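# can you look at this prediction? I've put the sequence above it.
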Amino acid sequence: TSQNGADQPSKKELFTSSGFILAAIGSSVGLGNMWKFPYITGQHGGAAFFLLFIVCLLITGLPVLLAEMTIGRSGRRNAAGSLYQLTGNRFWGMVGLLFILTAFLIMSYYAVVAGWTLHYTVESFTGLMFGEGTDYKEKFLDFASGYLPIFWQAVTMLIAGWVIARGVSGGIEKFNKILIPSFFVILVVLMWRSLTLSGAGQGVEFFLRPDFSKLDAESALIALGHAFFSLSLGMGCMVTYGSYVNQKQSLGSATWAIGFGDMLYAFIAGLVIFPTVFSFGLEPGEGVGLAFMALPAAFSQMPLGFLFGGLFFLLLSIAALTSAVSILEVPVAYAMERWKWSRKKAAVIVSGACFVVGVPSALSVGGVLGSWQPGGKTIFDWVDFSTAYILMPFCGLIVTLFAGYAWKRAGEAAGLTGFRYRVWMFLLRVVAPAMIVLVFLYFMGVISV
Ligand code: PHE
């Protein structure tokens, strides 16, 4: 028998066409869109940066997305097994293991952050979060440094594991079919609320006024790195989901749909977050600060704030959970094929292992392990840094080299011919690898711009 299960029969579990698009959008729309994107956009020239982001999506994100889905659908295996299956070459099977490792590590800490959003959802709806004179920064740090985050991390792993255990169409697809439309409704309600606040215009302006003078080489690299993370690339997620796509589906149109959905959500998220923050005269802090410190302060001051706050964190929770499911499926699919485990067994064992590995991350955000900072970073920051800036770009590079050079039948499998094929290949062989290497060197501090 082979290393990665190349002897197994084709997968029988498949998504329906619309189910696949929804699940892929669910994967790409995550915590990244909801707080990271608006923030970096505001900092790097508003609408000008948004245009740059779209360019990065077009020339690197979408070509790699199409490559990942094509590899999955043709290989019909897990992320590592598909590379092996398509070439019969052990080397690619081994390299593909990096996808599995990356996804496992990302899941371990993504579940921690997803857990925070669940806690905040409950605290908002019940009104427990808000009070006269509360310092929301202190409140967040109090929470994050205790043991409660481990409980919510466990809840996240239980939900994700449960969905995965129910299978591709009965679990993943159904989950997304229920949550993504709800997500959209909540998003529209919140957008209406934020845009009708007095002083909302200032926030819209911060987000969208194009300032081309703020664009530089650094903005380009940040836009590119974000395009990658935002589309869930570089960790085998889209390879794994691609392996459940039926043969008739057009992967080209799926690529456009997913890219557009991701961009649209990021855009609307900005229209929710900035007007809300600005209309209460708050500072749009970075990342964690924005969602967990500045926004609760804003909600505490508006009428029915507990309701809008609750809806906002529910929105974040949904975004996080639909992404978490897609990440967890990568190692679960691997375990099922490599060790011939049943789906249930794989879901239970992998979620359990992921939970255990994530506990140190949960305890290092100001908690008992927070003061242990080898090399100046907490455990949480190390896992984040090594996956987002080292493993993901590396895996992305593998995809471009595999589909661009090693596997000769990519065009046929993707359904591209003639001019469109040549454009795709040019982006995949030349532009994307060059961009990925630049981003990698930049974030590693090897080059500065
Ligand atoms: N795309 C998700 C986001 O924007 C994150 C993610 C990365 C999900 C990798 C799956 C895989 O938050």
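That came in fine, so what should we check first? It should be emphasised that the depicted structure is a prediction, and the values quoted were computed from it without experimental measurement.
# wait, what's in contact with Lys58?
You called it Lys, but residue 58 is Leu. By C-beta atoms under 8 Å, 6 or more residues apart in numbering, the residues touching Leu58 are Gly259. For the C-beta atoms, the positions are set from N, CA and C on the backbone; glycine is no exception.
# how far away is it from Phe443?
Using C-beta to C-beta, to the nearest Å, we find Leu58 at a distance of 22 Å from Phe443.
# try Leu31
Separation of Leu31 from Phe443 (C-beta to C-beta) stands at 19 Å.
# what does Gly127 give?
41 Å.
# those two: who's more crowded?
Between Gly127 and Phe443, counting by other C-beta atoms under 10 Å, Phe443 is the more crowded of the two (17 against 13).
# can you tell me what sits against stretch 257-273?
Under C-beta under 8 Å, 6+ apart, the answer for stretch 257-273 is 21, 24-25, 28-29, 33-35, 37-38, 41-42, 50, 53-54, 57-58, 61-62, 65, 187-188, 190-191, 194-195, 203-204, 207-208, 230-231, 284, 290, 295, 312.
# so after the worst-scoring helix or strand of the chain on mean pLDDT, what's the next helix or strand?
Of all helical and strand segments in the chain, the minimum by mean pLDDT, DSSP states H and E falls on helix 287-289, at a mean of 67. Note on helix 287-289: by DSSP states H and E, the next helix or strand toward the C-terminus is helix 295-301.
# list the buried residues for that next one?
Neighbour counts over helix 295-301 (16 or more other C-beta atoms under 10 Å) mark 295-300 as buried.
# contact partners for Ala24?
Taking C-beta under 8 Å, 6+ apart as the test, what Ala24 contacts is 69, 232, 238, 241, 254, 258, 326.
# which of those sits closest to the ligand?
Ser232 (3.5 Å; C-beta to the nearest ligand atom).
# between the buried residues of helix 295-301, which is nearest Ile398?
Minimum distance to Ile398 across the buried residues of helix 295-301 is 37.5 Å, recorded for Leu295 (C-beta to C-beta).
# tell me which helix or strand Ala114 sits in.
In this structure, Ala114 sits in helix 90-125 according to DSSP H and E.
# helix or strand right after that helix?
Per DSSP H and E, helix 90-125 leads on to helix 136-144 as the next helix or strand towards the C-terminus.
# pull the residues that contact that following helix.
116, 119, 129, 149, 288-289, 292-294, 296-297, 300, 365-367.
# go again using 6 Å as the cut-off
Helix 136-144 is contacted by residues 292-293, 296-297, 365-366 when judged by C-beta atoms under 6 Å, 6 or more residues apart in numbering.
# picking that back up, so which of the contacts of Ala24 sit within helices?
Using DSSP state H, the members of the contacts of Ala24 that fall in helices are 69, 238, 241, 254, 258, 326.
# residues contacting the first one?
Contact partners of Met69, counting by C-beta under 6 Å, 6+ apart, are 238, 242, 251.
# so how do I select the buried members of these in ChimeraX?
Buried residues among the contacts of Met69 (16+ other C-beta under 10 Å), as a ChimeraX selection:
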select :238,242,251
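# can I get the contacts of Met69 in JSON lines with pLDDT?
Formatted as JSON lines, these follow (pLDDT from 0 to 100):
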{"residue": "Met238", "pLDDT": "97"}
{"residue": "Gly242", "pLDDT": "97"}
{"residue": "Leu251", "pLDDT": "96"}
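# could you dump the contacts of Met69 to CSV with distance to Leu438?
Listed next are the contacts of Met69 as CSV, based on distance: C-beta to C-beta, whole Å:
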residue, distance to Leu438
Met238, 22
Gly242, 27
Leu251, 27
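# residues from the stretch 251-400 of the chain in reach of the ligand?
Residues of the stretch 251-400 of the chain found near the ligand (C-beta under 6 Å from any ligand atom) are 323, 326-327.
# please redo it, this time with the cut-off set to 8 Å
262, 319-320, 323-324, 326-327, 392 (C-beta under 8 Å from any ligand atom).
# try the stretch 51-200 of the chain
Counting by C-beta under 8 Å from any ligand atom, the stretch 51-200 of the chain comes close to the ligand at 103, 106, 110.
# ok so, going back, ok, the contacts of helix 136-144 vs the ligand, which is closest?
Phe292 (15.5 Å).
# quick check: closest non-adjacent residue to the closest one.
Distances taken as C-beta to C-beta, 6 or more residues apart in numbering put Phe140 closest to Phe292, at 4.6 Å, once the chain neighbours are dropped.
# ditto for Ser213
Gly45 (7.3 Å).
# so which strand or helix has the one you found?
Secondary structure assignment for Gly45, by DSSP H and E: no helix or strand.
# okay, now it: neighbour count?
Neighbours of Gly45 (other C-beta under 10 Å): 20.
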